[in-house]
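Enquirer: Provide a 3D model corresponding to the input given below.
(one chain, ligands or ions: 1)
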Amino acid sequence: MHVSVRGGMGVPAAFLALVFFVGVSFFSFRLEGFVGGGSVFFAGGFIFSGRARARGGDTTPAGVLGEAELGAIVKHLSDAVLVYDKDFAVSFFNPAAETLFGLSAGEVVGHRVSPQDAERENWRPLVQVMFPSLAPVMKNLSEAGTNPQVMDISIADPTMELRVITTEINEGPRTFIKIIYDRTKEVAVVKSKSEFMTLASHQLRGPVTNIEWALEALSQDDTLSETNREIARRALDAARQLLIVVEDLLKASQVEEIRFGLKLEPIDLVGFIENLLGEFMPQAKQMGVAIYFDRPKEPLPHIAGDKERLFMVLQNLLDNAIRYNVKNGEVTVKLEKRNDAPFIEVSVKDTGIGMTAEDLEKIFEKFYRAPNALKYNTHGSGLGLYIAKGIIRAHGGKMWAESELNRGSVFYFTLPLEFHAGAGRE
Ligand code: ADP
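Expert: So this is what the prediction gives:
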């Protein structure tokens, strides 16, 4: 059934060109995942072949290769391919899909897949791919509402890291094609590298901070000779440099971790922010900065978010708002529901050093630090905002800032009231 599937799928030839296009245009996504784009290309090409032949003469691979050859290619693809209709009734399941999901085409083709199928353990991975909101972790790589949708899905028991490209054929009866690339081994390698970086930088930070503290004390010790104090001062400079490197390493490992998808759970943002502000009080007091929380006028629904990651975002914004502030300055955190869209908006406003319009354009780039910030506070990696923006985007929100030199800054971000990430769009 695999090679003669085109007719069996009932996919109108007029729209198959689109699939071919999708195969080509998603080269880039595949490359990002360290693999060639060949299988997506050929899957599109195979389906496209009917169309190409009808037009007569085509120099694309799909035009040059006959249906039988392309059919053989789809059959031997290392990526899983499945086709289904709006009712989730599967009409095509290639051998790679059989291997990946441990189900035979005979069992799956003709079956209308539903969330209830997840009750059967061996069907669970396939159900989670077809209904991504049931997967433990998912990350949308494409804009909501665009076709095709590209999504990374993590599945537990057995552990699987899958990149799923879903294309809807836009004319005729609604038909969907999923091409699934198994990234499990690749993700495991990247994860272990990232975990090592996080562990190493965490382990280094404590001792280096202690060394810095001890050298600071020695460099001010009047009982030492001036020569020895000078040695201590030089060692202190070196320890501070080392601390910056360690902190950069820690931040870089956090950048890596954004790639591993979100662990969503319901969050009461008001309580979440109240807790966080409590933690920042001692630092703010020490810097002589007052913190205010402008609570929403009406109760807000819980949002679906990754607590650890959102904590990192707010921690970075608050840390900046305090560090780049002036003595007796203020920080105001505001939370409100947008009237024009189903989003919650959070803003962190400070009365600090601000920045120029030119800096404002660059601060979300990796490693950028504005000249005034460099002078004002030598510690910093220029990675915090880059990471924060990545996290907010992964949640389906936006992040931006307004600022004026020496007049303070406001950092904003939005979070959707309902987390879609393309899930359940089908
Ligand atoms: P870091 O603070 O470690 O340098 P970030 O990515 O958090 O890195 O910030 C990047 C740059 O953006 C800062 O170096 C600074 O120039 C600017 N910046 C961020 N927040 C503020 C703020 N609240 N006020 C003024 N400048 C800021």
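
Enquirer: what bits of the chain have low per-residue confidence?
Expert: 1-64, 170, 256-261, 378, 419-426 (pLDDT under 70).

Enquirer: need the residues of the stretch 151-300 of the chain near the ligand, please.
Expert: For the stretch 151-300 of the chain, no residues are found near the ligand under the criterion C-beta under 6 Å from any ligand atom. C-beta coordinates here come from the backbone N, C-alpha and C atoms, glycine included.

Enquirer: if you set the cut-off to 8 Å instead, what comes out?
Expert: For the stretch 151-300 of the chain, the residues found near the ligand under the criterion C-beta under 8 Å from any ligand atom are Lys251.

Enquirer: show me the strands in the stretch 151-300 of the chain, by range?
Expert: For the stretch 151-300 of the chain, the strands defined by DSSP state E, counting those that start in this stretch occupy 160-169, 175-182, 265-267, 290-294.

Enquirer: do you know which of the ones you listed lies nearest Leu415?
Expert: With respect to Leu415, and counting by C-beta to C-beta, the nearest of the strands of the stretch 151-300 of the chain is strand 265-267 at 8.9 Å.

Enquirer: may I see the buried residues of that closest one?
Expert: The neighbour-count check on strand 265-267 (16 or more other C-beta atoms under 10 Å) flags Ile267 as buried.

Enquirer: output the contacting helices and strands for it.
Expert: strand 303-305, helix 307-323 (3 or more C-beta pairs under 8 Å, 6 or more residues apart in numbering; DSSP states H and E).

Enquirer: only alpha carbons, please: show the last one as CSV.
Expert: The C-alpha atoms that make up helix 307-323 are tabulated as CSV, following Å, rounded to 0.1, in the frame of the first residue of the first chain:
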residue,chain,number,x,y,z
LYS,A,307,7.4,28.9,36.3
GLU,A,308,11.1,28.5,36.3
ARG,A,309,11.6,30.3,33.0
LEU,A,310,9.2,33.1,33.8
PHE,A,311,11.0,33.5,37.2
MET,A,312,14.2,34.0,35.2
VAL,A,313,12.6,36.6,33.0
LEU,A,314,11.3,38.7,35.9
GLN,A,315,14.4,38.2,37.9
ASN,A,316,16.5,39.6,35.0
LEU,A,317,14.2,42.6,34.5
LEU,A,318,14.1,43.4,38.2
ASP,A,319,17.8,42.9,38.7
ASN,A,320,18.4,45.4,35.8
ALA,A,321,15.8,47.9,37.0
ILE,A,322,17.6,47.9,40.4
ARG,A,323,21.2,47.8,39.2
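
Enquirer: hmm, back to that, looking at the helices and strands packed on strand 265-267, which is buried most?
Expert: strand 303-305 (a mean of 22; mean count of other C-beta atoms under 10 Å).

Enquirer: partners of that strand in the sheet?
Expert: Strand pairing for strand 303-305, using DSSP bridges, gives strand 265-267 (antiparallel).

Enquirer: give me the contact list for the strand it pairs with.
Expert: For strand 265-267, the external contacting residues (C-beta atoms under 8 Å, 6 or more residues apart in numbering) are His302, Ile303, Ala304, Gly305, Asp306, Lys307, Leu310.

Enquirer: rerun that using 7 Å as the cut-off
Expert: Under the contact criterion C-beta atoms under 7 Å, 6 or more residues apart in numbering, strand 265-267 has outside partners His302, Ile303, Ala304, Gly305, Lys307, Leu310.

Enquirer: from those, which are also near the ligand?
Expert: The subset of these within reach of the ligand, by C-beta under 8 Å from any ligand atom, is empty.

Enquirer: looking at the residues you listed, which is nearest the ligand?
Expert: The shortest approach to the ligand among the contacts of strand 265-267 belongs to Leu310, at 15.7 Å (C-beta to the nearest ligand atom).

Enquirer: for Leu215, give me its contacts.
Expert: Ala232, Ala235, Leu236, Ala239.

Enquirer: contact partners for the closest residue in space to it that isn't next to it in sequence?
Expert: Leaving out its chain neighbours, the residue that sits closest to Leu215 by C-beta to C-beta, 6 or more residues apart in numbering is Leu236, at 4.0 Å. Residues in contact with Leu236 (C-beta under 7 Å, 6+ apart) are Glu212, Leu215, Glu216, Ser219.
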